[in-house]
Structure formats: C-alpha cells, structure tokens
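# Here is a sequence together with a model predicted from it:
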Amino acid sequence: MLLEEKIARKLKKNKKTLATAESCTGGLLAHKLTNISGSSHYFLGGVLTYSNESKRRLLNVPARFIKQHGVVSSPVAGSMATGVRRLLKTDYGVSITGIAGPTGGTLTKPVGLVFVAVASRSKEMVREYRFKGTRQQIKNKAAGAALKLFFEFI
C-alpha cells in the first residue's frame, strides 16, 4: 500500500483535514496526495509559494524570518506549515522549502538542502534533509520525505 493511501485512511478515519504549502517541489506533494481517489474528503488544497513575497503575503511568513534565517530554513518551513493550515482552516499543514538545483546552492546552503514541516493547532515538527541527485530526484525525495514525516506526525 502506498504511503499516500495509508495517510488517506488515517485522515478519513479520524475525520481530519490537510493542506500543503510548497516551494521547491512545485506542487508535487499535492499531486501525490490527490492521486488517491476521494482525497477531496481530507485534502482541502495546496499553495505553491515559490517566491519570498508569496510566502509573506499568502502564508504570513514573517519577513524577519526570511531576512534572519533565509527562505530555506526551519523557521520559514514551520511558518509555512502553520500559515497554510490557518489559511485553509485545516487540522494539519505540511510545508516544503529547499534548493532543488542544479543552481542556487551555497557553501552553507547547498543544493539538496530541504526543510519539511508539519503543523497542527497544538504542535509543530520541522526536519532538515540533505538530498543528492538531479533536480527531479531531489524534488521526488523531498515530497516523499514530507509524506513520511506527516505520517509519523499523525
């Protein structure tokens, strides 16, 4: 059974809802979740916030987080997850921000650096990953990591 199917069963059983906020994965996480028939019962939507401005305007990510920590950081990922949960009024929010490459990396924030966050009303979990591979491989690994972290969270 796919992890997406396990997530679907658990969310349906517990009557819980989910929303996503994605940057480097370009909507791949939402795509994976909506490949499951009946996902509209628990998946209320996703926001693709590729630019810093969209993260601030749509998800209320504080500009100071972006300035102090950079857009690819734990505080920004956490704020994105909380922001999309509030925006779409869901029980859970999941976010992904990272550098898929092949350009954009630095010594301190290399290509493959990804932060995934999950938020509910009462808690938040953020995890850092360092993936290797092509742009598409990094995107796929990031979306897979988000599914795993979310399943662990719920």
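Happy to help now that I have it.

# At the geometric centre of the chain, which residue sits there?
Centroid-nearest residue in the chain, with Cα atoms, centre = their mean: Ser95, separated by 1.9 Å.

# residue ranges for the strands of the protein, please.
Ranges of strands within the chain are 18-22, 43-48, 92-98, 113-119, 124-130, based on DSSP state E.

# Pull the contacting residues for the closest residue to the residue nearest to the centre of the chain other than its chain neighbours.
Leaving aside its sequence neighbours, Ser95 sits nearest to Met80 (Cβ to Cβ, 6 or more residues apart in numbering; 3.5 Å). C-beta here means a position set from N, CA and C on the backbone, and glycine is covered the same way. Taking Cβ atoms under 8 Å, 6 or more residues apart in numbering as the criterion, Met80 is in contact with 21, 23, 49, 55, 59, 61, 93, 95, 97, 117.

# thinking again about what came up before, columns distance to Val76 on top of the strands of the chain, output as JSON lines?
Converted to JSON lines, those look like this (distance: least, Cβ to Cβ, whole Å):
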{"stretch": "strand 18-22", "distance to Val76": "10"}
{"stretch": "strand 43-48", "distance to Val76": "14"}
{"stretch": "strand 92-98", "distance to Val76": "6"}
{"stretch": "strand 113-119", "distance to Val76": "7"}
{"stretch": "strand 124-130", "distance to Val76": "9"}
